[in-house]
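Trainee: structure for the following, please:
(chains A and B)
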Amino acid sequence: MRSSEAECTVLVVDDEFELVQTLREVFTDEGYHVRTVSNGRDALRYLRETAVKPCLVVLDLILPMLDGNAVYAIMKADPELASVPILVSTSDPSRAPAGAEVMRKPIVLDALLAHVERYCVRRKEPPPSGPSEAARRP
Amino acid sequence: MIDRALAPSDSCHMVQLFDNDTSLSEVVSQYLGAGLAAGEMVILIATAAHRSAIRRQLTDRAFDLERAQAAGLYTELDAHDLLAGFLVDGRPDATKFEALVGDRIEAMQQTRPGVRIRAYGEMVDLLWGDDNPAAALELESLWNDFCARQPLALLCAYHAAHFGGDAGETGLEAVCGAHDYVVPREQAGALPDANGRLRELTLLQQRAAALSLEVTRRTALEGDLREALSAATAAHAVADESVRYNELFTRMVGHDLRNPLNAIVTTAHYLTRISTEPKLLRAAQRITSSSMRMARMIEQLLDFTRIQVGKGLHVERGTTDLLQLCQGLVTTLQSTHPGRTIVLASRGVAVGELDAERMTQVLSTLLLNAVHYGDDARPVRLDLDGSDPGSLTVSVHNGGVVSPEVMPLFFAPMHGGLKGEHTQALGLGLYLTRALIRAHGGEIAVHSSAAGGTVVRVELPRQATVEMTA
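Mentor: Okay, here's the model as predicted:
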């Protein structure tokens, strides 16, 4: 992966397929690259195998194989991954790891995109009015 | 007493039960003292402590033990040492017993022919106390064999505590069977005549009968208790199972239902971002609005279940400005209910260590209830009082009246007492509001009258005092 791609790649870790598909389209419309995985084990595998890390990990907590709390703890303990920003997205913020940035589900897209913008660079400028024309067409 | 059992020339094997060392040393010193007084030869086979106590009692009764010992009339032997001399693998060896004990007593008899020997021994008690009753009974048997050959008055003693419980009763029967006389603890033998002993025996029989009845009653009671315990255990198992299903339900609602709902809400948001078509936007907004209401209901159900299974509600405290929070809520509510007047009044500093998200839930519920169920013609008033350094007070006032029959159920879950509540919600809002206030260590109350309208008053400590659960 090229460095410029890494700067604008958001990793979404969630097992709710429809939500992941929506987030993929939202991020793509907004000019970001998106990688998605549906469990904690695949998330760690991707993060360890990719040479250049994503600009942000949007991490669900209740996941198959390895839950989000475990992924969070492993990433923070790994010098290679500790600096990768994580946004925990959960319906129950009380279960989030201490000190984590948390976004309550259902996700409010404006708030999510504002958060992504803090950490990531768009690969291309979105249209001035928001989503691309392509995205506007059904 | 014991002496009455002794004929002048007969052998006699007696047993005394004792409760404590004091009573034992008294009985044994009387028994041995009577022998010394009668010019008999006396042998004391006991532990060092018992020998010392018995010796002291004999001396107190003016017996010159040194002189008696020098004359061969008084002999002391250590019970532990003597026992060790004839025990083989924990059992008394008949040959060694004969050599160590029998031969010694016979030699004493030869020094004074015709003079009876009177002995006290507690080696059997030591064996029984070492949890070796079989060896004790074998030793009793050896003594009986000896008594059959030679005239000897022998008193044994056992601590009564050896014979507690059912097994003890069997043991006591065996011990009694090994002796010619049994001396009870109550010293019944001390009674002066046969008539007195009969009276005592009658009393004892009566006590035994009463005790037997009591045992029967207690056995029946124990049976009842066992049945009750069994029923309670079964009920507890059912309750545990119920809690388990509740937790399963909580997990299911918490994850399996919320996940697709989250996808619906987020996707509806996405539709509003990518479309400019008014009809589609309105439809997407309706999906969002309904989904958000459903999400709130799920949250309420989860909170309700947590309370029902005893887990309580968790509050995440942080510095919270209630005024700022109220201003935001009033602005939002005013925009969604433009026909209503909502007045916010505040005094003092309304900052405390509170869970901002949960307090938003509380105030939102109270304000929405005031708007929905209050008098449309009168304003809703939200008064915030931060003038007390230790607490914060919030009052939500509306012009409506809560009927007297609904008042006791005002905070009850799912009572449906408030007009139309169950058509838009689950009827858990006020119940959870009270639970959340209590989780903050506060209290909530409602007052309603035709003249003054309805006021819900919340009082909260600014700081957490102890960790509370709803």
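
Trainee: count of residues packed around whichever residue of chain B sits closest to chain A?
Mentor: Going by Cβ to the nearest Cβ, chain A is nearest to B:Val265 of chain B, at 3.4 Å. C-beta coordinates here come from the backbone N, C-alpha and C atoms, glycine included. Residues lying near B:Val265 (other Cβ atoms under 10 Å in any protein chain shown) number 25.

Trainee: excluding chain neighbours, what is closest to it?
Mentor: A:Pro106 (3.4 Å; Cβ to Cβ, 6 or more residues apart in numbering or on different chains).

Trainee: doesn't B:Gln206 belong to a strand?
Mentor: No - B:Gln206: not assigned to a strand; according to DSSP: H, G, I helix; E, B strand; the rest coil it is helix.

Trainee: quick check: phi and psi at the residue sitting nearest the centre point of chain A.
Mentor: Nearest residue to the geometric centre of chain A (Cα atoms, centre = their mean): A:Val58, 3.0 Å. Main-chain dihedrals, A:Val58, degrees, to the nearest 10: phi -100, psi 110.

Trainee: ok, A:Val26 to B:Arg273 distance?
Mentor: Taking Cβ to Cβ, to the nearest Å as the measure, A:Val26 falls 7 Å from B:Arg273.

Trainee: I should have written B:Val394 there, sorry.
Mentor: 37 Å.

Trainee: and the residue in chain A positioned nearest to chain B, what helix or strand is that in?
Mentor: As assessed by Cβ to the nearest Cβ, chain B sits closest to A:Pro106 within chain A, at 3.4 Å. A:Pro106 is part of no helix or strand when elements are defined by DSSP states H and E.

Trainee: my guess is it contacts B:Thr267, does it?
Mentor: No - using Cβ atoms under 8 Å, A:Pro106 is not in contact with B:Thr267; the gap is 9.8 Å.

Trainee: is it true that B:Val15 touches B:Val183?
Mentor: Yes - B:Val15 lies in contact with B:Val183 (Cβ under 8 Å); the separation is 6.8 Å.

Trainee: would you mind measuring from the residue nearest to B:Val265 to B:Met292?
Mentor: A:Pro106 is 7 Å from B:Met292, by Cβ to Cβ.

Trainee: the two: who's more crowded?
Mentor: A:Pro106 (24 against 15).

Trainee: between A:Val26 and B:Arg273, which contacts overlap?
Mentor: Counting by Cβ atoms under 8 Å, 6 or more residues apart in numbering or on different chains, the shared contacts of A:Val26 and B:Arg273 are A:Leu109.

Trainee: more neighbours: those two, which one.
Mentor: A count of neighbours by other Cβ under 10 Å puts A:Val26 above the other of A:Val26 and B:Arg273, at 25 against 20.

Trainee: assign the more buried one to helix, strand or coil.
Mentor: helix.

Trainee: try A:Leu112
Mentor: A:Leu112 ends up helix, using three-state DSSP.

Trainee: that one and B:Phe97: what is the separation?
Mentor: Taking Cβ to Cβ, one finds A:Leu112 at 97 Å from B:Phe97.

Trainee: is B:Thr288 in contact with B:Val265, as I believe?
Mentor: Yes - between B:Thr288 and B:Val265 a contact is recorded at 6.1 Å, counting by Cβ under 8 Å.

Trainee: can you name the next helix or strand after the strand or helix carrying A:Ala73?
Mentor: In this assignment (DSSP H and E), A:Ala73 forms part of helix A:68-77. Once helix A:68-77 ends, the next helix or strand along the chain (criterion: DSSP H and E) is strand A:86-90.

Trainee: what pairs with that following strand, parallel or antiparallel?
Mentor: Its sheet considered, strand A:86-90 pairs with strand A:56-60 (parallel), strand A:101-104 (parallel) by DSSP bridges.

Trainee: remind me which residues of the chain are low pLDDT?
Mentor: Answering for chain A, as no chain was given. A:1-6, A:124-138 (pLDDT under 70).

Trainee: wait, chain B was what I had in mind.
Mentor: B:1-9, B:165-167, B:185-193, B:196-197, B:200, B:203, B:251, B:253-255, B:415-426, B:465-470.

Trainee: at 80 instead, please
Mentor: Along chain B, the parts satisfying pLDDT under 80 run over B:1-10, B:164-169, B:183-207, B:209-210, B:243-244, B:246-256, B:309-311, B:414-426, B:464-470.

Trainee: who in it is up against chain A?
Mentor: B:254-255, B:258-267, B:269-270, B:273-276, B:291-292, B:295, B:314, B:316, B:357 (Cβ under 8 Å from any Cβ of the partner chain).

Trainee: the residue of chain A closest to chain B and B:Asp355: what is the separation?
Mentor: 20 Å.

Trainee: then B:Ser52?
Mentor: From B:Ser52 to B:Asp355 the distance is 75 Å (Cβ to Cβ).

Trainee: likewise B:Leu24?
Mentor: 72 Å.

Trainee: neighbour-wise, which of those two wins?
Mentor: Ranked by neighbour count (other Cβ under 10 Å), B:Leu24 and B:Asp355 place B:Leu24 first, with 23 against 20.

Trainee: I figured that one hits B:Ala49, correct?
Mentor: No - in this structure, B:Leu24 is not within contact of B:Ala49 by Cβ under 8 Å, at 10.5 Å.

Trainee: neighbours around residue 90, how many?
Mentor: Unless you meant another one, I'm taking chain A. Neighbours of A:Thr90 using other Cβ under 10 Å come to 21.

Trainee: nope, chain B please
Mentor: Neighbour tally, B:Gly90, other Cβ under 10 Å: 10.
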